[in-house]
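Colleague: can't give you the sequence, but here's the structure:
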């Protein structure tokens, strides 16, 4: 049994990449992979990979590599958890609609999008991919009824902090933040931000250095 | 003068985060920051920050920290470059439309989106945020005329590899890939991928560990 508290944050951030890679390898029919293969596929140096995997217990063996199915089982049991998570989407504009159409369930089968929220009257009451768009007036009610802990935030930048405050007040514990602002939150709330501008700049930097 | 070839890939990936943070601090009127402050704001350990910054020359001093305006100047001169980059968007569906409305210019003022491409006749000829949506038949022509090297790829997953092949054949050297597939490309092409499912899973993992 691994003490989860001891896994460093930097390692945690790489777990979804490892999980995704192992899922691909399982799909391709490979039952073991070496740290070198993981390194080449994910562009993470081998020493980092071996150190990361040491936190998962004795799962790699010299000259053999890592067992794909054991690691997937390990990730699921010890990290991903088994409880279904209800998720809402705050903001059903273009980006929100794109995400409603995104097949998240393929990635995380314990996740259930229970609704999207917008203040645009033209959207309220519509369904996208089977998911209803509600008025923001219903936000607190649905979060309580559906016991929602996670929100994907795709509102305009200007509404970012205000929306986050309202989500947290209503009981949200995790926010996937697509606005480019840094959110002020209480310590019990986890925020993971995706800044599209920063990602584009990362591409420019990598091209420049190539 | 820094030998750009020697900056490790892992450091390169953090540069946009540093750049963004320093821009914020400049905006807030701060003229120096310590590695501890950077560490806390970006959730990167101080040792990594000091190592990264050592590649940028002798820009930090003990007990003083890093000078915000010198570092911003350094990033711009040595890394970001001064040439305007023309960019296209492949795919003008919900995600593509969201990106056309995104204020990329605030992030990277040397970037110019010259057009979007789609095979949906209902979209062709329309403009979003002043940017025209062209038929995919015009892809190669516009890439050549406008000397485009960078494409943001927001097509459905099924069309991902085929679209990438066509972009690369037409001369594209950098792809910001929003499809969840791993693209096969030639070695001279830089791909930076954003997988929304992996990002959501990263949030779940972080919440689990908190």
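Modeller: Sure, I can see it. Computed from a predicted structure; not experimentally measured.
Colleague: alpha carbons only for contacts and neighbour counts from here, please
Modeller: Noted.
Colleague: Beyond the helix-or-strand element of chain A with minimal mean pLDDT, next helix or strand please.
Modeller: Within chain A, confidence by mean pLDDT, DSSP states H and E is lowest for strand A:60-61 among all helices and strands, at a mean of 66. The first helix or strand that comes after strand A:60-61 along the chain, using DSSP states H and E, is strand A:65-67.
Colleague: Strand partners (parallel or antiparallel) of the top strand by length along chain A?
Modeller: Longest strand of chain A, by residue count under DSSP state E: strand A:111-118. Here strand A:111-118 is paired, per DSSP bridges, with strand A:85-90 (parallel), strand A:131-135 (parallel).
Colleague: chain center to the shortest one: distance?
Modeller: Going back to what we said before, that points to strand A:131-135. The chain centroid and the centroid of strand A:131-135 are separated by 22 Å under C-alpha atoms, centre = their mean, to the nearest Å.
Colleague: Could I get the average pLDDT for it?
Modeller: For strand A:131-135, mean pLDDT rounds to 96.
Colleague: again, but for the first one
Modeller: Throughout strand A:85-90, pLDDT has a mean value of 93.
Colleague: re the thing from before, what strands flank the very next helix or strand once past the longest strand of chain A, and is each parallel or antiparallel?
Modeller: Sequence-wise, the next helix or strand downstream of strand A:111-118 (DSSP H and E) is strand A:127-128. Its sheet considered, strand A:127-128 pairs with strand A:131-135 (antiparallel) by DSSP bridges.
Colleague: any idea of the mean pLDDT in the helix or strand following the partner strand?
Modeller: As assigned by DSSP H and E, the chain's next helix or strand after strand A:131-135 is helix A:139-145. For helix A:139-145, mean pLDDT is 97.
Colleague: If you count contacts, what does the next helix or strand after helix A:139-145 end up packed against?
Modeller: Toward the C-terminus, helix A:139-145 is succeeded by strand A:150-153 as the next helix or strand (DSSP H and E). Contact partners of strand A:150-153 among helices and strands, from 3 or more C-alpha pairs under 8 Å, 6 or more residues apart in numbering or on different chains; DSSP states H and E: strand A:85-90, helix A:160-169, strand A:174-177.
Colleague: Same list, the ones you listed, but as JSON lines with distance to residue A:122 and mean neighbour count please.
Modeller: Shown next, in JSON lines, are these (distance: least, C-alpha to C-alpha, whole Å; neighbours: other C-alpha atoms under 10 Å in any protein chain shown):
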{"stretch": "strand A:85-90", "distance to residue A:122": "16", "mean neighbour count": "23"}
{"stretch": "helix A:160-169", "distance to residue A:122": "20", "mean neighbour count": "17"}
{"stretch": "strand A:174-177", "distance to residue A:122": "24", "mean neighbour count": "25"}
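Colleague: any chance of these in JSON lines, with distance to residue B:159 too?
Modeller: Shown next, in JSON lines, are those (distance: least, C-alpha to C-alpha, whole Å):
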{"stretch": "strand A:85-90", "distance to residue B:159": "26"}
{"stretch": "helix A:160-169", "distance to residue B:159": "33"}
{"stretch": "strand A:174-177", "distance to residue B:159": "27"}
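Colleague: Walk me through the domains of chain A.
Modeller: A:4-77, A:85-197 (automatic domain parsing).
Colleague: which stretch in those domains has the least confidence?
Modeller: domain A:4-77 (a mean of 80).
Colleague: May I see the buried residues of the host helix or strand of residue A:100?
Modeller: For residue A:100, the element it lies in under DSSP H and E is helix A:94-101. Across helix A:94-101, burial judged by 16 or more other C-alpha atoms under 10 Å in any protein chain shown covers A:94, A:95, A:96, A:97, A:98, A:99, A:100.
Colleague: And stretch A:181-195, by the same measure?
Modeller: Those would be A:183, A:189, A:190, A:191, A:192, A:193, A:194, for stretch A:181-195 by 16+ other C-alpha under 10 Å.
Colleague: Max pairwise distance over the residues you listed: which two?
Modeller: Using C-alpha to C-alpha, the buried residues of stretch A:181-195 span at most 16.3 Å, a distance reached by A:189 and A:194.
Colleague: okay, which residue of chain A is out on the far edge from center?
Modeller: Centroid-distance maximum for chain A: residue A:63 at 32.8 Å, with C-alpha atoms, centre = their mean.
Colleague: With residue A:35 as the reference, measure out to it.
Modeller: 10 Å (C-alpha to C-alpha, to the nearest Å).
Colleague: what pairs with the one residue sitting closest to the centre of chain A across the strands?
Modeller: For chain A, the residue nearest the mean C-alpha position is residue A:176 (7.2 Å; C-alpha atoms, centre = their mean). According to DSSP bridges, the residues that bridge with residue A:176 are residue A:152, residue A:192.
Colleague: looking at it, it is touching residue B:202, isn't it?
Modeller: No. Taking contacts as C-alpha atoms under 8 Å, residue A:176 lies outside contact range of residue B:202: 9.3 Å.
Colleague: anything in contact with each of these two?
Modeller: residue A:192 (C-alpha atoms under 8 Å, 6 or more residues apart in numbering or on different chains).
Colleague: Any chance of the backbone angles for residue A:202?
Modeller: As for residue A:202, its main-chain torsions (degrees, to the nearest 10) stand at phi -60, psi -40.
Colleague: And the pLDDT at it?
Modeller: Residue A:202 is given a pLDDT of 75.
Colleague: what's the distance between the nearest residue to it once chain neighbours are set aside and residue B:76?
Modeller: The shortest distance from residue A:202 to any non-neighbouring residue, by C-alpha to C-alpha, 6 or more residues apart in numbering or on different chains, is to residue B:16 (5.6 Å). Per C-alpha to C-alpha, residue B:16 is found 11 Å from residue B:76.
Colleague: Please identify which of these two sits among more neighbours.
Modeller: residue B:16 (23 against 13; other C-alpha atoms under 10 Å in any protein chain shown).
Colleague: My understanding was that the more buried one contacts residue A:201; is that so?
Modeller: Yes. Applying C-alpha under 8 Å, one finds residue B:16 in contact with residue A:201, separated by 6.0 Å.
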